[in-house]
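Visitor: Got a sequence here, can you model it:
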Amino acid sequence: MELWQLDATDLAHLIRSGRASAREAVQSALARLDAVNPAINAVVRRLDDEALAAAAAADAARARGDALGPLHGVPVTTKINVDQQGHPTDNGVVALKDLMATEDSPVVANLKAAGAIVIGRTNAPPFSMRIFSDNALHGRTLNPLDAAITPGGSSGGAGAAVATGIGAIAHGNDIGGSVRIPAHCCGVVGLRTAFGRVPALNASAPGGRPIGAQLMSTQGPHTRSVRDARLALAAMARGDRRDWKWADMPLAGPAPARPIRVALVPEVPGGSTHPAQAAAVRQAGAHLAAAGYRVEEVLPPEIPQVVETWHTLLATDSALGLWPLMQQVGDDDAKAAMKAWLDLYPPVDLAAYAAALQRRDALLMRWLAWFEQWPLLVTPVLCHLPPAQRSDVTVEGQREIFDSMRAALIAPLLGLPGLAVPVGRHGALRTGVQIMATRWREDLCLDAGEVIEACEGVVVAVDPAAR
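Guide: Model prediction:
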């Protein structure tokens, strides 16, 4: 097996035990990048020299007998919308191509502190506001399973990179599905962490963020194994007191009553669900039931109201702040996609916005009470099949996409963790599910994900040239 084929857990073990060096691991990952990235355009800024220098330092640290982090020598990627010292936080926007970061965002700093070595920066749409990873600055990222459909967004470069073996862990972030949707589209594992779990801020953007982003955006990893998602979570979650949202919570909570109850929602209220996605949810339920979970088809509270509230808050925030900026510096497709969204969900006045915030509070109370009875919830990631490239530039196309995304919007509005794992297949694509739990209980999601993975098999990196 080539080193790039290993997951982070096995690779870190080989490096710590001296059976492989960090330099060999980075060289293997860069060779894989050479082999597959031209076909998919997932990594849009290569960091070869910097990564090889970090690998040499990592090997020297091991030779000295220094304490080694859990990701020592493991090649990873970071997304272009977070600060990484010495590199632009360009957000896929031509006008921001020279916005150089003077320090690392906490999530990048945490990965480095754990010993990870960043080999490249992955693509995203302008301002990370589409489920397509395409922009005028870096071009379009293609799905390694099917180039005609989206690799997901906004962390589509991250999902495609991990799916093809460019690094064992790819950083992403999620305000409406931007970790889970690329993981689903590319057939890998994606963890949206709970609100406040991973510290996040960009010193390059000192003006702060709108309320919706403050309340809903989280960071998380893409990986090819569930155990790597657990390992990456522990590394990313190291605290940073500059982020007021970060909470010092344990990574594992008290054991719930046994058998653990799991609510399945194969058909998500508020729209249609493709039979293949519904079948994946039921198959995941069968895997969990066989492992001793108590599984039933049960609806949680008021899903359509949750989805509507997400749109009210995010669309109003975007109309007031991001939309004027997008009109000035965004590319044509990004502007068309955002306009289509705002045509579907126009901004509301102050009274309606305040009412939506109050409604969110009430929904959150009802959902947290519901999770006391049903510790785990399994739904589709997307209710439809992943859409064809550029489907969102018309109102009707955007309507279809947001109908598909409605299950993905639950976790952001309520600050919940969500784990995307592949289950089943539909042609060349993987179908899959997301596993949600109450706040701070990523551990329950990961435990269930490992059960499903044991039945479905660990993800193997794909070669886009063979598709």
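
Visitor: Around the closest residue to residue 43 other than its chain neighbours, how many other residues sit close by?
Guide: Closest residue to residue 43 in three dimensions, ignoring its sequence neighbours and counting by Cβ to Cβ, 6 or more residues apart in numbering: residue 120, at 3.7 Å. Backbone N, C-alpha and C define where each C-beta goes, glycine included. By other Cβ atoms under 10 Å, the residues close to residue 120 number 27.

Visitor: The helix or strand containing residue 120 pairs with which strands?
Guide: Residue 120 is part of strand 117-122, with elements assigned from DSSP states H and E. Listed by DSSP bridges, the sheet partners of strand 117-122 and their directions read strand 43-46 (antiparallel), strand 75-79 (parallel).

Visitor: tell me the most buried of the ones you listed?
Guide: strand 75-79 (a mean of 31; mean count of other Cβ atoms under 10 Å).

Visitor: Can you name the next helix or strand after that strand?
Guide: The next secondary structure element downstream of strand 75-79 (using DSSP H and E) turns out to be helix 106-113.

Visitor: which residues touch the residue positioned nearest the centre of the chain?
Guide: The chain has residue 179 as the residue nearest its centroid, 1.4 Å off, counting by Cα atoms, centre = their mean. With contact set as Cβ atoms under 8 Å, 6 or more residues apart in numbering, residue 179 has these partners: 155, 158, 172-173, 190-192, 218, 220-222, 420.

Visitor: still on that earlier bit, run the chain-centre distance for the strand holding residue 120.
Guide: 16 Å (Cα atoms, centre = their mean, to the nearest Å).

Visitor: Paired strands for the next helix or strand after that strand, with orientation please.
Guide: Note on strand 117-122: by DSSP H and E, the next helix or strand toward the C-terminus is strand 134-135. Sheet partners assigned to strand 134-135 using DSSP bridges are listed as strand 139-140 (antiparallel).

Visitor: After the strand it pairs with, heading C-terminal, what element do we hit next?
Guide: Sequence order places helix 156-163 as the next helix or strand after strand 139-140, per DSSP H and E.

Visitor: The helix or strand following that next one - contacts with which helices or strands?
Guide: Proceeding C-terminally, helix 156-163 gives way to strand 169-174 as the next helix or strand, assigned by DSSP H and E. With contacts taken as 3 or more Cβ pairs under 8 Å, 6 or more residues apart in numbering; DSSP states H and E, strand 169-174 sits against strand 75-79, helix 106-113, strand 117-122, helix 156-163, strand 218-223, helix 226-236.

Visitor: which secondary structure elements does whichever helix or strand comes after strand 169-174 contact?
Guide: Where DSSP H and E defines the elements, the next helix or strand beyond strand 169-174 is helix 180-186. When contacts are defined as 3+ Cβ pairs under 8 Å, 6+ apart, helix 180-186 sits against helix 156-163, strand 189-192, strand 218-223, strand 418-426, strand 429-437.

Visitor: So which of these is the most surrounded?
Guide: The most buried one of these (mean count of other Cβ under 10 Å) is helix 156-163, showing a mean of 35.

Visitor: What helices and strands are in contact with that helix?
Guide: Packed against helix 156-163 by the contact rule (3+ Cβ pairs under 8 Å, 6+ apart) you find strand 43-46, strand 75-79, strand 117-122, strand 169-174, helix 180-186, strand 218-223.

Visitor: between those, which one is nearest to residue 266?
Guide: In terms of Cβ to Cβ, the element of the helices and strands packed on helix 156-163 nearest to residue 266 is helix 180-186, at 15.3 Å.

Visitor: what is the mean pLDDT for the closest one?
Guide: On average, the pLDDT along helix 180-186 is 98.

Visitor: and if you look at stretch 39-54?
Guide: What stretch 39-54 shows for mean pLDDT is 98.

Visitor: Identify all contacting residues around that stretch.
Guide: Outside of stretch 39-54, the residues within contact range by Cβ under 8 Å, 6+ apart are 22-23, 26-27, 30, 33, 37, 75, 77, 80, 86-88, 117-123, 137-144, 147, 151, 156-158, 160-161, 164, 166, 464-465.

Visitor: now stretch 93-105
Guide: 82-90, 112, 126-127, 135-137, 200-204, 328-331.

Visitor: Output that stretch as PDB, nothing but the C-alphas.
Guide: What follows is stretch 93-105 as a C-alpha-only set of coordinates in PDB (Å, rounded to 0.1, in the frame of the first residue of the first chain):
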ATOM      1  CA  VAL A  93     -12.900  35.900  -5.300                       C
ATOM      2  CA  VAL A  94     -10.500  37.600  -7.700                       C
ATOM      3  CA  ALA A  95     -10.700  40.900  -5.800                       C
ATOM      4  CA  LEU A  96      -9.400  39.100  -2.700                       C
ATOM      5  CA  LYS A  97      -6.500  37.200  -4.300                       C
ATOM      6  CA  ASP A  98      -3.900  39.200  -2.400                       C
ATOM      7  CA  LEU A  99      -5.700  39.300   1.000                       C
ATOM      8  CA  MET A 100      -2.700  37.700   2.900                       C
ATOM      9  CA  ALA A 101      -3.200  36.200   6.300                       C
ATOM     10  CA  THR A 102      -0.700  37.200   8.900                       C
ATOM     11  CA  GLU A 103      -1.600  34.400  11.300                       C
ATOM     12  CA  ASP A 104      -3.400  31.100  11.400                       C
ATOM     13  CA  SER A 105      -7.100  30.700  12.100                       C
END
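
Visitor: Can you give me the buried ones in it?
Guide: 93, 96, 99, 101, 104-105 (16 or more other Cβ atoms under 10 Å).

Visitor: Quick check: the farthest pair among those residues?
Guide: Of all pairs drawn from the buried residues of stretch 93-105, the greatest distance, 20.6 Å, lies between 93 and 104 (Cβ to Cβ).

Visitor: Save the helices and strands packed on helix 180-186 as CSV, and put in distance to residue 244 and mean pLDDT too.
Guide: Listed next are the helices and strands packed on helix 180-186 as CSV, based on distance: least, Cβ to Cβ, whole Å; pLDDT from 0 to 100:
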stretch, distance to residue 244, mean pLDDT
helix 156-163, 26, 98
strand 189-192, 20, 99
strand 218-223, 14, 98
strand 418-426, 23, 98
strand 429-437, 24, 98
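
Visitor: Can you tell me which of those is nearest to residue 212?
Guide: strand 218-223 (12.8 Å).

Visitor: The closest one pairs with which strands?
Guide: Per DSSP bridges, strand 218-223 is paired in its sheet with strand 169-174 (antiparallel), strand 189-192 (antiparallel).

Visitor: now the longest one: how far from the chain's centre is it?
Guide: The gap between where strand 169-174 is centred and where its chain is centred comes out at 5 Å by Cα atoms, centre = their mean.

Visitor: Please check the contacts of stretch 39-54 and keep the buried ones.
Guide: 22-23, 26-27, 30, 33, 37, 75, 77, 80, 87-88, 117-123, 137-138, 140-144, 151, 156-158, 160-161, 164, 166, 464.
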